[in-house]
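Colleague: Quick one, structure for this:
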Amino acid sequence: MKPAGTKAAFTIIEILVVLLIVGLLATLLFPSLTKGKSRARRSKSINNQQQISIAYREYLQDHRGDYPQVRGFAGAGGKLGDLAGQARKGKPDPEVVAIFGADTPPDKRPLNQYISNREVFHDPADVGGTSFQVRSCFDAFGTSYLPQMGEDQFRVKRVLGSLTDAPGSYGWRPLRETELSNPASKIIQGDWNWPFDREDSWHADNGEGGHVMLFADGHVAYFVFPDTQLMLGWMRPAYKMTAQGRVEMSAKGDPVIDDEKFRSQSPDEFRTNSGQPAKYIDPGFRWW
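Modeller: Next up is the predicted model:
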């Protein structure tokens, strides 16, 4: 029996038991909290790109259905980038900075006339990436989002025209709305590191090639690409070639896809859609 007036004290064993219980609870709750934060960042990314989709829509209305022409991949919207200061390895040449469009002034980025808040171009999960060796794509390039610009890559048709390409060329000409056969499945832009997986996938749950993507009909969704190794094999398009070794062009000046080669480069699950030969990555998704 304790003397009157004394306070009960925890024993070392009791304290250790309490700490053990707290530790177990933290272990159980931490994944849920982490997943919750990840989903919140993804939601903010979707919201950002939905606002950008409105800017694209207003631009199209003001420019007779033509998508913008830009100087460099980052040139559509955002702030002035500091690629040299953000680079993890070495100092990039001015030519590299220009190719990425990092040095494009804000007033030369066409979507900025429709979006006054530059933070809309800053993805909350933006931590740069190994492919581009920067700490933050927003700080390095001026935007966290990468549109398809100037050429067809990864089986995604070009959208924005490149002002550094020869005037009148395929890369110089932007995509027109009238060229879209299925806007709901046409990629316009997405997280800067698309379509790569693992550490370059900011919003993926399990290291997959998952990215938040904006489509031509204005909707924004989390989309999972095939693994990086397959996508790298699809970096260059399967164009038809002339006898002189040049890319065959259509009457309107677009490269002609070699459908047979296109399908032969695809695993079986990507060769058909509802049993029909097609250029699809999953049911209902048309890359071109």
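Colleague: Quick one: low-confidence residue ranges for this protein.
Modeller: Filtered on pLDDT under 70, the chain yields the residue ranges 1-10, 26-27, 29-36, 268-288.
Colleague: could you point out the longest helix in it?
Modeller: Longest helix in the chain, counting residues (DSSP state H): helix 12-62.
Colleague: how about the helices in the stretch 51-200 of the chain?
Modeller: For the stretch 51-200 of the chain, applying DSSP state H, counting those that start in this stretch gives helices covering 83-86, 94-100, 137-141.
Colleague: so of these, which one's packed in deepest?
Modeller: The highest average neighbour count among these, using mean count of other CB atoms under 10 Å, belongs to helix 137-141 at a mean of 27. Bear in mind the C-beta positions are built from the backbone N, C-alpha and C, glycine included.
Colleague: what's the burial count for Q50?
Modeller: Using other CB atoms under 10 Å, Q50 is surrounded by 14 other residues.
Colleague: Isn't it up against D217?
Modeller: No: with contacts counted by CB atoms under 8 Å, Q50 stays clear of D217, the gap being 11.9 Å.
Colleague: hmm, back to that, just checking, what packs against the longest helix of the chain?
Modeller: Packing partners of helix 12-62 (3 or more CB pairs under 8 Å, 6 or more residues apart in numbering; DSSP states H and E): strand 145-147, strand 187-191, strand 209-215, strand 220-225.
Colleague: Dump those strands into CSV; add distance to F262 and mean neighbour count as well.
Modeller: What follows is the helices and strands packed on helix 12-62, written out as CSV (distance: least, CB to CB, whole Å; neighbours: other CB atoms under 10 Å):
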stretch, distance to F262, mean neighbour count
strand 145-147, 23, 25
strand 187-191, 17, 26
strand 209-215, 20, 24
strand 220-225, 17, 19
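Colleague: quick one on the thing from earlier: save the helices of the stretch 51-200 of the chain as CSV, and put in distance to V22 too.
Modeller: Rendered in CSV, the data for the helices of the stretch 51-200 of the chain read as follows (distance: least, CB to CB, whole Å):
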stretch, distance to V22
helix 83-86, 40
helix 94-100, 48
helix 137-141, 37
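Colleague: Indicate which one of those helices is closest to N206.
Modeller: helix 137-141 (22.0 Å; CB to CB).
Colleague: Can you name the residues in contact with the closest one?
Modeller: Under the contact criterion CB atoms under 8 Å, 6 or more residues apart in numbering, helix 137-141 has outside partners 73-74, 78-79, 81-83, 85-87, 100-102, 121-123, 126, 128-129, 132, 134, 143-144, 192-193.
Colleague: quick one on the thing from earlier: quick one: closest of the helices and strands packed on helix 12-62 to D93.
Modeller: That would be, of these and by CB to CB, strand 145-147, which comes in at 20.3 Å.
Colleague: No further queries at this time; thank you.
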